[in-house]
Structures are given as structure tokens and as C-alpha cells.
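Novice: show me the folded form of this:
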Amino acid sequence: MLKGKSAVVTGSTSGIGLGIATALAAEGCALMLNGFGDAGLIEGLKRDLAGKYGVKVGYSAADMSKPAEIRQMIADATRELGAVDILVNNAGIQHVAPVEEFPDDKWDAIIAINLSAAFHATKAVVPQMKQRRWGRIINIASAHGLVASGQKAAYVAAKHGIVGLTKVVAIECANDGITCNAICPGWVLTPLVQKQVEALAKEKGETVDQAKTELLREKQPMLQYTTPEKLGALAVFLCSDAAATMTGAPLPMDGGWVAE
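Specialist: Next up is the predicted model:
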């Protein structure tokens, strides 16, 4: 479905970003991966995706807290892949602390990587999308882009900001063939969440399965984790012709979290 298209997916060497990148590659989309990790593992990831799906796969080590590196990533992707038709702003970090104890440097880093990076990447890619009169921008927000939880001041602020940015870009580009939407996941079973589950199980003397359910029960009526693969399928739909008039939408995939 996306043969001939090219995508940049930030934070795509693991977790949600890798799930989305894999889903796009499966539809024939060339990729520019981005993220941190062991160089050998990243090279293997590139090789595996290219070999399995027959698409070109590049990699940028751009630091998402540095605007100049973000702009260079878009320029490199445009040169290597021929264009950036799809931008998925996924990179993110987290820190948990009460607002009065929240470290200044953690606030600055979370706002930079979770929010400002999406602005800089979008700003860099919109001109070429307008020129071709086709583009898809997908921002990975969160249920925390729609509702709040305690001890997550920076993350909640950034994710609310992403939803707002999504709406502005959607309005500005509404008649340029460009859509901009936000995916708002609830609990997603990534390697990072798995570690959180295992830590909770150890702390409370529970089984891992009990801890998994306990985490879900805090927020979600549906006691089932979303997977990176399901988020990837939603991203593919948002890039399709069927979603050509869907823009400016925050789309929860959260097991009913924000319905309560």
C-alpha cells in the first residue's frame, strides 16, 4: 500500500517506534530509523527489515534534544530515500517525581525530546510535503495527552502539547494534501514496561502476571495491553487513502482509559 513512499520514524530502534517502522516497511515503505542502541544491533535491525520487506532502510543517530541534528536527519533522509513522505514523531523519555521535587534538568529534557523534537522535525519536513501535495505526520502522544496522572508533570505537559501541536499542523496543512494526527496509547507492553512489571512483582512479592494486571487495573477498564504491532497497524491506516480526510484527531488506543 505504501510502496514508493518513505518514512522517518524517531525513537524506532525498539518498542513502539520499531513496531510502527516494521508495519510501514511491511507495506513497502522505505525507512529512516532513529534512536540509541548498540551499533551492531542497529545494523542487524536495518539488515533484517531490508531483507524481509525488500525496502531501503537507513539510520540516523540524531539526538532529539538538538534541533540542528533533527534538521540534519530530515535532510539526510531526503537525500538517501529521495523524500520524506511520512514523519512519525515517536521519541520520548519519562521521569516520575512530585512537582515540587521535579528536577529542572529532567523537565527540560522531557519537554525537548517529547515535544520540541516533534515541532522541529515537522517544521523541517512540511515544505517538501507541501511541494508534493502529499504527506502524513503521526505524533505518538499518550493517554496522558488527554488526561493526567500525578508525579508526571513534564510528561503530561509534553503530551498535552503534542496533541495541541497536532491540531495546529492539521489546520494549517488541511488543503495541502497533508494530514496530521496523534495516536494516544494507554499501557503498551514494551521492553521498558516489562521491566517495570518485573520490578513491581519483585517489590510486592507477586507473580509477573499478577503485576501486569495490577498495572492495567490502575487506569484501564480493559485488562489488556496494547502492542507495538497494533499501534503500527493504526499508523498504516492513517497513511492510507481511507484516512485522507482524517486530520487533527487524537486517537486513543488505551483500553478505555480516557473513557472513564
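Novice: got the phi/psi numbers for residue 247?
Specialist: Torsion angles at residue 247 (phi, psi; degrees, to the nearest 10) stand at phi -150, psi 150.
Novice: neighbours around it, how many?
Specialist: 20 (other C-beta atoms under 10 Å). C-beta here means a position set from N, CA and C on the backbone, and glycine is covered the same way.
Novice: just to check, it is in contact with residue 172?
Specialist: No. The pair residue 247 / residue 172 is not scored as a contact, 10.5 Å apart, by C-beta atoms under 8 Å.
Novice: show residues contacting the helix or strand that contains residue 136.
Specialist: Using DSSP states H and E, residue 136 falls within strand 135-140. For strand 135-140, the surrounding residues in contact (C-beta atoms under 8 Å, 6 or more residues apart in numbering) are 16-17, 20, 85-90, 92, 118, 122, 125-126, 128-129, 162-163, 165-166, 169, 173, 176-183, 185, 231, 235, 238-239.
Novice: same question, stretch 90-101
Specialist: So stretch 90-101 is contacted by 9-12, 16-17, 20, 34-35, 64, 102-103, 106, 109-110, 113-114, 117, 140, 150-155, 158 (C-beta under 8 Å, 6+ apart).
Novice: okay, and which of the residues you listed map to strands?
Specialist: With DSSP state E as the criterion, strands contain 9, 34, 140 from among the contacts of stretch 90-101.
Novice: may I have the residues that are in contact with the second one?
Specialist: Just to be clear, that refers to residue 34. Per C-beta under 8 Å, 6+ apart, neighbours of residue 34: 8-13, 17, 59-62, 64, 73, 91.
Novice: are any of those buried, and which?
Specialist: 8-13, 17, 59-60, 62, 64, 73, 91 (16 or more other C-beta atoms under 10 Å).
Novice: please, which helix or strand holds residue 50?
Specialist: Here residue 50 is assigned to helix 39-53, by DSSP H and E.
Novice: in that helix, which residues are buried?
Specialist: Residues of helix 39-53 classed as buried under the neighbour-count rule (16+ other C-beta under 10 Å) are 42, 45-46, 49-50, 53.
Novice: ok now that helix, how far from the chain's centre?
Specialist: 20 Å (C-alpha atoms, centre = their mean, to the nearest Å).
Novice: residues in contact with that helix?
Specialist: With C-beta under 8 Å, 6+ apart as the contact definition, helix 39-53 has outside contacts at 13, 18, 21-22, 25-26, 28, 31, 33, 35, 55-59.
Novice: so where do the helices sit in this structure?
Specialist: 15-26, 39-53, 67-81, 104-111, 117-132, 153-172, 191-204, 208-219, 228-239 (DSSP state H).
Novice: any idea which of the ones you listed is most buried?
Specialist: helix 15-26 (a mean of 24; mean count of other C-beta atoms under 10 Å).
Novice: list the helices and strands that one packs on?
Specialist: Judged by 3 or more C-beta pairs under 8 Å, 6 or more residues apart in numbering; DSSP states H and E, helix 15-26 is in contact with strand 6-9, strand 30-34, helix 39-53, strand 86-89, strand 135-140, helix 228-239.
Novice: starting at the chain centroid, how far to it?
Specialist: The answer for helix 15-26 is 10 Å, by C-alpha atoms, centre = their mean.
Novice: what residue ranges in the stretch 101-250 of the chain score low on pLDDT?
Specialist: Applying pLDDT under 70 to the stretch 101-250 of the chain flags no residue at all.
Novice: just put the contacts of residue 34 in CSV and tack on distance to residue 204 and pLDDT.
Specialist: As requested, the contacts of residue 34 are exported to CSV (distance: C-beta to C-beta, whole Å; pLDDT from 0 to 100):
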residue, distance to residue 204, pLDDT
8, 41, 99
9, 35, 98
10, 35, 98
11, 30, 98
12, 33, 98
13, 31, 96
17, 30, 98
59, 39, 98
60, 41, 98
61, 38, 97
62, 39, 98
64, 34, 98
73, 42, 98
91, 31, 97
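Novice: let me have the residues you listed in TSV, extended by distance to residue 193.
Specialist: Putting these into TSV (distance: C-beta to C-beta, whole Å) gives the following:
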residue	distance to residue 193
8	25
9	19
10	19
11	15
12	17
13	16
17	14
59	24
60	25
61	25
62	25
64	20
73	27
91	17
